[in-house]
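Chemist: Quick one, structure for this:
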Amino acid sequence: MGADVIRIARPQAVHSARAGDPLTRGRPSVALDLKRPAAVETVMRLVERADIFVEGNRPGVTERLGTGPAQCLARNPRLVYGRMTGWGQEGPLSSAAGHDLTYVATTGVLFGLGQSPDTPHFPTTLLGDFGGGSTYLVIGVLAALVHAKTTGHGQVVDAAIVDGTSHLTILLAGMRAKGRLTQERGTNLLDGGAPYYALYATSDERHVAVGALEPQFFDLLISTLGVKDSCPPQHEVAQWPRMRRLFAETFKTRTMAEWADIFEGTDACLAPVLTPAEAEEHAHIRARGIWIDIDGVSQPAPAPRFSRTPGAISAPPAASNGADTAAALQAWGIDDIDALLTSGAAVQD
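Modeler: Presented below is the predicted three-dimensional model:
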């Protein structure tokens, strides 16, 4: 989105950047040994030039390194200091290790995921790390940046995965408050309880997704399926088991591709459940240019889209940690790079 970003990494990082990893695109890698004062001072000189500083360590780590909020804001009062953690900066678990799965479990969100009464299902790391985590970090950082540009005052943005993931459930919180949400998995309107918002197997053991919530979409669904005369009324909950059996039997009569062709472009809100490879080749996905190729690696294009300042990939993924140390520091106006490299404070891979 037009930002000039660099990523500061340990010279011997546990999770080393891999060539072609889309997560590192647009972020040249600078390797600095922050146990050395000269490296810390280099970070502070970068901070003086920066609008945003983001860190993802456990609470208190950057303070011990000398790059905490107080130190950085003293050098640049307009700085937005973003902190990305799982548990947040305070609370009983703030210093404990965790991962997406444990954060989502603790928020109560994992309990309701999936349609099986026996066990919840989790969507890899999409919900916690990326949905409740980095997305909320970006929202907070950009809001704070607007404030800093307006007032001249920076601030700290505490983005925790447990915060954002909980906030994602605000629709469900409203439903629960109105008595429209049970604690039984797979029994509610949006978790598979309603037969017109569910998945169905097809004759080739694939699946279609049905999301015909509104009455006009439901009517179109049952008309196109050819079951309008035998289908119970949409909102007769007592008849939902019979409706589900009717839908299941009907969808079993054709393949996924056949149903996709029948419903393509209609308002019946039905879609085939595609594999990732199939999705990339879908006509709409291709027309939007959602997937792009960088050095032979297929990956999502920048989003969202801007009419005046369209996003672009500013640099390919980092080849390794420290691959861009000299060039990136030079671009940011650091003039003693040779001394930093000689002393070991900075490392060029």
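Chemist: For stretch 57-66, which outside residues touch it?
Modeler: The contact list for stretch 57-66, computed with Cβ atoms under 8 Å, 6 or more residues apart in numbering, reads 34, 37, 40, 44, 55, 68-71, 83, 85, 89-90, 94-95. All C-beta atoms are positioned from the backbone trio N, CA, C, and that covers glycine.
Chemist: For PyMOL, what selects the buried ones among the residues you listed?
Modeler: The PyMOL command for the buried members of those (criterion: 16 or more other Cβ atoms under 10 Å) is given here:
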select buried, resi 34+40+44+55+68+69+71+83+85
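Chemist: which stretches of the stretch 151-300 of the chain form helices?
Modeler: In chain order, the stretch 151-300 of the chain shows helices spanning 161-167, 170-177, 215-225, 240-251, 256-263, 276-281, 283-288, with DSSP state H, counting those that start in this stretch as the criterion.
Chemist: how about the strands of the chain, start to end?
Modeler: Listed in chain order, the strands of the chain (DSSP state E) span residues 7-9, 29-32, 52-55, 80-85, 155-160, 197-201, 207-211, 270-272, 291-294, 297-300, 346-347.
Chemist: Now residue 285: closest residue in space, sequence neighbours ignored.
Modeler: With Cβ to Cβ, 6 or more residues apart in numbering as the measure, residue 279 is the residue that lies nearest to residue 285, at 5.8 Å, once sequence neighbours are left out.
Chemist: Could you do residue 210 as well?
Modeler: Spatial nearest neighbour of residue 210, excluding adjacent residues (Cβ to Cβ, 6+ apart): residue 270 at 5.3 Å.
Chemist: Looks like that neighbour contacts residue 208 (just checking).
Modeler: Yes: counting by Cβ atoms under 8 Å, a contact exists between residue 270 and residue 208, whose distance comes to 5.8 Å.
Chemist: Can you pull the residues that touch both of the two?
Modeler: By the contact definition Cβ under 8 Å, 6+ apart, residue 270 and residue 208 are jointly contacted by residue 259.
Chemist: still on that earlier bit, and the contacts of stretch 57-66, which two are the farthest apart?
Modeler: When Cβ to Cβ is used, the two most widely separated members of the contacts of stretch 57-66 are 37 and 90, lying 28.9 Å apart.
Chemist: mind giving me TSV with the strands of the chain and columns for distance to residue 255?
Modeler: TSV is the format used below for the strands of the chain (distance: least, Cβ to Cβ, whole Å):
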stretch	distance to residue 255
strand 7-9	46
strand 29-32	47
strand 52-55	47
strand 80-85	44
strand 155-160	44
strand 197-201	11
strand 207-211	10
strand 270-272	10
strand 291-294	25
strand 297-300	26
strand 346-347	56
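Chemist: Report the contact partners of residue 111.
Modeler: Taking Cβ under 8 Å, 6+ apart as the contact definition, residue 111 lies against 105, 120, 183, 185.
Chemist: try it again with 10 Å
Modeler: By Cβ atoms under 10 Å, 6 or more residues apart in numbering, the residues touching residue 111 are 104-105, 120, 183, 185.
Chemist: From residue 260, how far out is residue 277?
Modeler: For residue 277, the distance to residue 260 under the criterion Cβ to Cβ, to the nearest Å works out to 16 Å.
Chemist: Thanks a lot, catch you later.
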